[in-house]
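# let me see the structure of the following:
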Amino acid sequence: MIKKIADFALLPLRVILPPKKIRKIGLTPIIDERHNIVLEHVKGKLLDVGCGDNLLVKQYGDGIGVDVFPWKGIDILIHTPFMPFSEKKFDTITFMASINHIPESIRIQVLREAKRVLKDDGQIIITMITPKISYLGHNFLWGWRDPDIQDRGMKEGEEWGFSPKQMIEILKKADLKIESHKKFVYGLNHLYIVKK
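The predicted structure follows:
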């Protein structure tokens with residue numbers, strides 16, 4: 001309980017400082033909070049799309065992390081929207097703060113591929129912040145230490161984030177529907193559980 005109070009009271013530090021420093025002073029980094037809430041919902045075989053350094057798969061222990069950028073620790077580097085997996089292979093597919101980094105020209109195709117490799121009773125978990133929060137954060141708060149900004153940069157067709165209304169529209173185009181939606185990290189981030 002004391003840690004939760006400290007995390008709440010010292011939110012500005014948790015937003016500005018790098019995760020290593022935040023852990024060192026006994027607080028919970030925002031990225032850890034995001035991983036923790038996602039891990040509460042992951043079940044079965046996991047595919048993490050846009051896995052970055054692949055920490056979610058390593059924490060969960062039974063899955064594969066794919067990305068288009070050669071981050072340290074990924075399992076498979078992919079170059080197209082097509083996923084090199086058989087149909088209905090995964091129980092859970094995650095897009096943690098990554099769906100906005102998939103260019104608009106292939107975003108729906110990637111979601112349809114996720115649907116193809118998802119088991120019929122499986123789920124897709126998406127975390128996403130809104131465009132305004134993302135833009136402010138990446139450009140003024142944590143952008144100086146954000147690998148997306150430093151190592152990769154924002155590419156054509158990428159977005160800063162999506163509102164809940166935009167997420168509904170995007171998922172509808174891929175024939176997917178939101179089963180549940182909740183806010184976390186003081187209402188600044190959104191968790192979507194999506195089904196076929």
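# quick one, strands of the chain?
Shown for the chain, the strands assigned by DSSP state E span residues 46-49, 63-67, 76-77, 90-96, 118-129, 177-184, 189-195.
# go through the ones you listed and pick out the most buried.
Greatest average neighbour count among the strands of the chain goes to strand 46-49 (a mean of 26), per mean count of other CB atoms under 10 Å. The C-beta positions use only the backbone N, C-alpha and C, and glycine is treated the same way.
# identify the single longest helix in this structure, thanks.
helix 104-117 (DSSP state H).
# pull out the buried residues from that helix.
Buried residues in helix 104-117, counted by 16 or more other CB atoms under 10 Å: R107, I108, V110, L111, E113, A114, K115, V117.
# so who does the nearest residue to Y135 once chain neighbours are set aside touch?
Closest residue to Y135 apart from its sequence neighbours, by CB to CB, 6 or more residues apart in numbering: W160 at 4.5 Å. For W160, the contact set (CB atoms under 8 Å, 6 or more residues apart in numbering) comprises N100, P131, K132, S134, Y135, H138, M154.
# model confidence score at W160, please.
W160 carries a pLDDT value of 86.
# now the phi/psi pair for it, please.
Main-chain dihedrals, W160, degrees, to the nearest 10: phi -70, psi -30.
# what distance do you get for it to H181?
As judged by CB to CB, to the nearest Å, W160 and H181 stand 19 Å apart.
# try L191
From L191 over to H181 (counting by CB to CB), the distance is 7 Å.
# and if you look at T94?
Noted for T94: a distance of 15 Å to H181, by CB to CB.
# ditto for A6
Counting by CB to CB, the separation of A6 from H181 is 28 Å.
# which non-adjacent residue is nearest K183?
In this structure, K183 finds its nearest non-sequential neighbour in H190, 5.8 Å apart by CB to CB, 6+ apart.
# got a list of what the one you found touches?
Contacts of H190 (CB under 8 Å, 6+ apart): T127, M128, I129, T130, P164, M167, H181, K182, K183, F184.
# now with 10 Å?
By CB atoms under 10 Å, 6 or more residues apart in numbering, the contact list for H190 reads 126-130, 133, 161-164, 167, 181-184.
# same deal with Q123?
Neighbour list for Q123: 41-44, 90-94, 179-180, 192-196 [criterion: CB under 10 Å, 6+ apart].
# gap between it and E113?
For Q123, the distance to E113 - CB to CB - is 16 Å.
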